[in-house]
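Asks: Have a look at this prediction, sequence included:
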Amino acid sequence: TRLLVTCRTHFYRTHQEAVTKLGGYDRVGLLTSRGLTPQIFHMAPFTEAQVESFITQTFGAKQGNRVLAIIRDIHDLPGLSRRPIMTRYIAEIAPELEQDVAEGRPINIATIYRRLFEKGLARDGERRMRLTPADRSRLLQALALALWKKGSVSLGADALEDWLDIQAEHQAGLRRLMSGDADSREILQTELRTASFLVREGGDAFCFVHTSFQEYFLAAALHAHLLNGTLGKIASAHPVSRETLDFLFDIADLERDIPALRRSVSAVLTEGAPVPARALALQIVAAMKERWGSFPLPGGADLSDLDLREAHFSTMRFARTRFARTNLLGSVFCGVTFEGCDFDGAILAGASFEDCTFGHCAGEARGLASVRARHVSGDPASEVALLGRIGFRFGTETPSQSAKSFCLDGHMGLVTSVAFSPDGRTLLTGSADGTARLWDKDSGAEILRLAGDTGVVRSVAFSPDGRTLLTLSVVGSAQPWRHGARAEGL
């Protein structure tokens, strides 16, 4: 009996090629003539119990429990450790992590993944590799970027090889290696496929060994492009994950260039970068604000043409910000100050403003008739351009509003639709909380509450005689109601 054990079945381009070579099917006549039947077994990922067993057998029960506690506290390490080779790497860096904890040093996830990457490089270095560690790092960063722009997590074998050919055109070192001899291209393709952090999962597509490594290398690539001022050349229409942003901030912290990162993000927002780059920069600003408590949007930020529907902004200041043609459908602004902002062509339908102040704002915004505003104020120019055209404004007396106003409190979700009764005495509202409510226009009192079983109420209407109400849900079902002593579904 002969046994071949390998953790690099992705040495082969396709699953079928691996089965053929490892199973000996290209020599099946020779094998069967000797009474041999080739069999292939795949090692399944470790279970949690197996990971614990490996760690405790490696370090002993006491130290092993400390290592396991560290693993559980760090982003995606529990999932990553289910791969046997990654369990080994984590075990090898565990003493360093323990020392960090014992000496009170915070454990930065970028530091951990960099150490894991170095372990993989050392393992690859046991073979005679043509790609240097720097080459492999740049390639994995570029691959993570390519997958992000594609909106995917994997590439087929042919696509991966084509991608490497394109990369070689832009990296002088790779180009020289590719042109070395007749076998150079195939050797480099094999080195890329068998890098420690790529695997071929199931079929013929190659991906990172774990999504957290794709996020780490993507963050490293974004960090480099931000500091080099080239984000506009590589930005994708796809948003990045929160985990990727955490890696980005930790890499910047590790390199001690967080101030430079902030300046770079501000530059993207103010210096005419393409829409995808500005959308990503705004996502980074929001994550920085959440992480560090405050990160002011730079004055003169250009948010024009961005899709910010249903976004939430609180306790912020927009100074000379361009919202031209920005999609703000259903967005919520709370405690926000707008100074000198341009709303020309902005879509504000269904937006909500509470405790907001406007100064010297201009522009012909769209959808103001369905905007809900409470406790907002502004200078005369803003009143003319925006505030005076808002459909539902409550809680503030304005020169254009002499009648008494009320705040119709009750809905637990965004108000999606409003209709006045034919006689003008009542008001019907629909909401994302799944209810429609009838209000007295003069007192603001709730008269009826209509609750169906079809989820978000998308639209509401009155019959011409005002006696029947109609609600339309997001799933497309319409429900008529009659009101009087009580409302009943018909």
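Replies: Structure received.

Asks: From what I see, Asn281 and Val265 are in contact.
Replies: Careful, residue 281 is Ala; it's not Asn. Yes - assessed by C-beta atoms under 8 Å, Ala281 is found in contact with Val265 at 5.0 Å. C-beta: built from backbone N, CA, C; applies to glycine.

Asks: the more surrounded of those two?
Replies: Counted by other C-beta atoms under 10 Å, Ala281 and Val265 do not tie: Ala281 has more neighbours, with 26 against 22.

Asks: In which helix or strand does the spatially closest residue to the more buried one that is not a sequence neighbour reside?
Replies: Spatially, and ignoring its direct neighbours in sequence, Ala281 is nearest to Val268 (4.0 Å; C-beta to C-beta, 6 or more residues apart in numbering). For Val268, the element it lies in under DSSP states H and E is helix 258-270.

Asks: which residues are contacting that helix?
Replies: 223, 226-227, 229, 231-232, 248-249, 252, 277-278, 280-282, 284-285, 288, 295, 297-303 (C-beta atoms under 8 Å, 6 or more residues apart in numbering).

Asks: Pull out the buried positions in the next helix or strand after it.
Replies: Reading on from helix 258-270 to the C-terminus, the next helix or strand found by DSSP H and E is helix 275-292. In terms of neighbour count (16 or more other C-beta atoms under 10 Å), helix 275-292 has its buried residues at 275-289.

Asks: Name the nearest of those relative to Ala436.
Replies: Closest approach to Ala436 among these (C-beta to C-beta): Ala286, at 32.7 Å.

Asks: do you know how far the closest one is from Phe295?
Replies: Ala286 sits 9 Å away from Phe295, taking C-beta to C-beta, to the nearest Å as the criterion.

Asks: List phi and psi for Arg200.
Replies: Note on Arg200: its backbone torsions stand at phi -110, psi 110 [degrees, to the nearest 10].

Asks: ugh, wrong one, I meant Ser331
Replies: According to degrees, to the nearest 10, Ser331 has phi -70, psi 160.

Asks: Number of residues surrounding it?
Replies: Ser331 has 22 neighbours, counted by other C-beta under 10 Å.

Asks: Also Ala94?
Replies: Ala94 has 20 nearby residues by other C-beta under 10 Å.

Asks: The strand or helix carrying it: which residues count as buried?
Replies: According to DSSP H and E, Ala94 maps onto helix 84-102. Neighbour-count burial for helix 84-102, counted by 16+ other C-beta under 10 Å, picks out 84, 86-87, 89-91, 93-94, 97, 100.

Asks: Quick check: next helix or strand after that helix?
Replies: helix 109-124.

Asks: for the next helix or strand after that next one, the distance to its chain's centre please.
Replies: Next along the chain after helix 109-124, taking DSSP H and E as the criterion, comes helix 133-150. Distance of helix 133-150 from the chain centroid (C-alpha atoms, centre = their mean, to the nearest Å) equals 18 Å.

Asks: could you give the angle of helix 133-150 to helix 275-292?
Replies: Relative orientation of helix 133-150 and helix 275-292, computed by axes from the mean of the first three to the mean of the last three C-alpha atoms, to 10 degrees: 110 degrees.
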